[in-house]
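1. below is the sequence, then the predicted model.
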Protein chains: 2
Amino acid sequence: MTSVIRDFSRLCLHTITTKPWSLSEAIAGYTKAGVVGITVWRSALAELGLAGSAQALRSSGLKVVSLCRGGFFPAGTAQGRQDAIDDNRRAVDEAAELGAPLIVLVCGAVPCMPLQEGRKQIADGIAAVLPYAEAAGVKLAIEPLHPMYADSRSAINTLGQANDVVEAIGNPALGVTVDVYHLWWDPDLEPQIRRAGESIFSFHISDWRTPTRDLLNDRTLMGQGCINIRQIRGWVEQAGFTGYNEVEIFSDEYWAGNQTEYVERIKAAYLSYA
Amino acid sequence: MTSVIRDFSRLCLHTITTKPWSLSEAIAGYTKAGVVGITVWRSALAELGLAGSAQALRSSGLKVVSLCRGGFFPAGTAQGRQDAIDDNRRAVDEAAELGAPLIVLVCGAVPCMPLQEGRKQIADGIAAVLPYAEAAGVKLAIEPLHPMYADSRSAINTLGQANDVVEAIGNPALGVTVDVYHLWWDPDLEPQIRRAGESIFSFHISDWRTPTRDLLNDRTLMGQGCINIRQIRGWVEQAGFTGYNEVEIFSDEYWAGNQTEYVERIKAAYLSYA
């Protein structure tokens, strides 16, 4: 049995989870709520700029768990692929300045590009960025996305595929992100988590709403959906993961409400269902 | 290279594809359009009743390819599971009377029931119905559904899982349905199609719209989306499949238009992209 979570010492929120908040507001809100970790989405850096964001995060005492998101490597032209590599290198610079040890990769997909070609371009792109990341002391994690995003967001749709890429590249700075929303349905999930082992660099939680009303922005709070979150957390911990439990919820419904109250609901759901 | 389709001798439409049409209208419309096969959804039987539907289909000269759909085996109570088995036996009776050699199974899922339990109940349900189907000369095909339906429609989400069930039960009256919409993203698809071989009982086509606006009813015409339909058809044919290419499109957009014109668009898309 997976141990029950009794405190917030491993709780991290993604800034996208409280999207209506600016980075300043998120920092203030999380700190006040006793949230320990923050994963910063790059879009949240616009308010204060990179240096200002880094300063605000340092002053807050929050632990920067990761920067979201790099990736989106496949493109129809060589220039497009180079632009993606350049942008990922900028993300590395940002992560280094923010003190984020990890960049999460949403690997990308181009509609009508054969998936095999997209997967090759993803592996090539990661290989091109990895030395730059290593030099900066920043790790990269492949986040396999749910198969419903295979058309335009990621041609890597199972943890097995992500593990294949990690093993093929064979660099300890490259690992995987396990997100229960994307992977819960996979009959091969438990053995693939075991296989990933120490290359599990981060762990994302939310829940699958039934019925789901929108392909992108209808995730729900832990316990409100059908995912066996605690069981998956157990598998991840048995594989050796000791990092943060990162709450990443895209939800038009929750974004429309009071974010301070929402963070309290997240905390309660975290203790009861994560 | 997969051979190009040059005629409509293997074209079959699902009655749900032209949902605004009654069964009578579908029979008339398909016949006039030179469509050869029809897969009948059980909901379409209400208009004429079972005997009347069977009579109308026989008179039409259309080939009844399959009856959609059986399945939905998992339930929270023993009574619920028995009701599902009884309903599947009724579907067998209907298929026999309609002259449909096959029932397609959407296997079912219950939100918050562990997927492993759902999968066990599916296998048990199929095993309970299979002798009755065999006695009636009706085959059953497991249709793995896209992982985005794992919460409430099917706990069987890859062809690999469907093949596992088929092999475990080991009855030649049980096989699989390959639907490109559900399976196109799977990196393991080609080997699993090869593995399925002669147990591929039917083949469904449509396309994945980008962006997809609705989880259920936003499939699109072949060629309008991102699925490598022709390549998958080639794999299926190499595995030995010689049956119909069944067009199964759920689409609020197309249902809102003129169905006679829509059937002509389907025919054109079929020759160009299937």
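-> Thanks, I have it. Residues are numbered from 1 along each chain as shown, chains lettered A, B, ... in the order given.
2. from here on, contacts and neighbour counts on C-alpha atoms
-> OK.
3. what residues does the helix or strand hosting A:I126 touch?
-> Assigned by DSSP states H and E, A:I126 belongs to helix A:115-136. With C-alpha atoms under 8 Å, 6 or more residues apart in numbering or on different chains as the test, helix A:115-136 has contacts from A:71-74, A:81, A:84-85, A:88-89, A:92-93, A:96, A:107-110, A:139-140, A:155-156, A:165, A:169, A:173-174, B:185.
4. SS state for the residue in the stretch 151-274 of chain A positioned nearest to chain B?
-> Closest to chain B within the stretch 151-274 of chain A is A:C226: 4.5 Å, counting by C-alpha to the nearest C-alpha. Taking DSSP: H, G, I helix; E, B strand; the rest coil as the rule, one finds A:C226 in the coil state.
5. what are the phi and psi values at whichever residue of the stretch 51-200 of chain A sits closest to chain B?
-> Per C-alpha to the nearest C-alpha, A:C112 is where the stretch 51-200 of chain A lies closest to chain B, at 4.5 Å. Dihedral pair for A:C112: phi 80, psi 0, per degrees, to the nearest 10.
6. so what's the residue count around the residue nearest to it when sequence neighbours are not counted?
-> Leaving aside its chain neighbours, A:C112 sits nearest to B:C226 (4.5 Å; criterion: C-alpha to C-alpha, 6 or more residues apart in numbering or on different chains). Using other C-alpha atoms under 10 Å in any protein chain shown, B:C226 has 23 neighbouring residues.
7. okay, the residue of the stretch 51-200 of chain A closest to chain B: pLDDT?
-> For A:C112, the pLDDT comes out at 89.
8. cool, and A:V176?
-> 98.
9. quick check: residues of chain A near chain B?
-> Proximity of chain A to chain B, by C-alpha under 8 Å from any C-alpha of the partner chain, involves residues A:111-115, A:146-148, A:150-152, A:155, A:157, A:161, A:185-187, A:208, A:210, A:212-215, A:225-228.
10. count of residues packed around A:G61?
-> Neighbourhood size, A:G61 [other C-alpha under 10 Å]: 12.
11. I meant to write A:A168 there.
-> So A:A168, with other C-alpha under 10 Å, has 10 neighbours.
12. torsion angles phi and psi at it?
-> Backbone torsions of A:A168, given as degrees, to the nearest 10, read phi -70, psi -40.
13. for it, give me its contacts.
-> By C-alpha under 8 Å, 6+ apart, the contact set of A:A168 is empty.
14. which of the residues of chain A next to chain B are buried? Put it as a PyMOL command.
-> To isolate the buried members of the residues of chain A next to chain B in PyMOL, using 16 or more other C-alpha atoms under 10 Å in any protein chain shown:
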select buried, chain A and resi 111+112+113+114+115+146+147+148+150+151+152+155+157+161+185+186+187+208+210+212+225+226+227+228
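15. among the residues of chain A next to chain B, which are located in strands?
-> A:W208 (DSSP state E).
16. may I have the longest strand belonging to chain A as PDB, with CA atoms only?
-> Using DSSP E, we find that the single longest strand of chain A is strand A:63-71. What follows is strand A:63-71, C-alpha atoms only, in PDB (Å, rounded to 0.1, in the frame of the first residue of the first chain):
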ATOM      1  CA  LYS A  63      11.800  25.600  -4.300                       C
ATOM      2  CA  VAL A  64      11.800  25.900  -8.100                       C
ATOM      3  CA  VAL A  65      11.100  22.300  -9.200                       C
ATOM      4  CA  SER A  66      11.100  22.700 -13.000                       C
ATOM      5  CA  LEU A  67      10.600  25.000 -15.900                       C
ATOM      6  CA  CYS A  68       7.700  24.100 -18.300                       C
ATOM      7  CA  ARG A  69       8.100  23.600 -21.100                       C
ATOM      8  CA  GLY A  70      10.700  22.900 -23.700                       C
ATOM      9  CA  GLY A  71      10.300  20.600 -26.600                       C
END
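17. show me what contacts the residue nearest to A:C112?
-> Counting by C-alpha under 8 Å, 6+ apart, B:C226 makes contact with A:111-113, A:151, B:207-210.
18. what is the rounded mean pLDDT of the host helix or strand of A:V166?
-> Element membership of A:V166 [criterion: DSSP H and E] is helix A:159-169. Mean pLDDT, helix A:159-169: 98.
19. just stretch A:201-217 next, same as before
-> Stretch A:201-217 comes out with an average pLDDT of 97.
20. now the helices: where do they sit in the stretch 1-150 of chain A?
-> Counting by DSSP state H, counting those that start in this stretch, one finds helices in the stretch 1-150 of chain A at the ranges A:23-33, A:49-60, A:78-98, A:115-136.
21. ok, and what's touching the second one?
-> Contact partners of helix A:49-60, identified using C-alpha under 8 Å, 6+ apart, comprise A:23-24, A:27-28, A:31, A:45, A:64, A:94, A:97-99.
22. coming back round to it: out of the contacts of B:C226, the closest to A:G243 would be?
-> A:D151 (31.0 Å; C-alpha to C-alpha).
23. my guess is the closest one meets A:L145, correct?
-> No - counting by C-alpha atoms under 8 Å, A:D151 stays clear of A:L145, with 10.9 Å between them.
24. filter the contacts of helix A:115-136 down to just the buried residues.
-> By 16+ other C-alpha under 10 Å, those give A:71-74, A:81, A:84-85, A:88-89, A:92-93, A:96, A:107-110, A:139-140, A:155-156, A:165, A:169, A:173-174, B:185 as buried.
25. how about A:G160: what's its closest non-neighbour residue?
-> Nearest to A:G160 is A:Q192, by C-alpha to C-alpha, 6+ apart, at 5.8 Å.
26. kindly report the same for A:W41.
-> Excluding the flanking residues, the one nearest A:W41 by C-alpha to C-alpha, 6+ apart is A:C68, at 4.6 Å.
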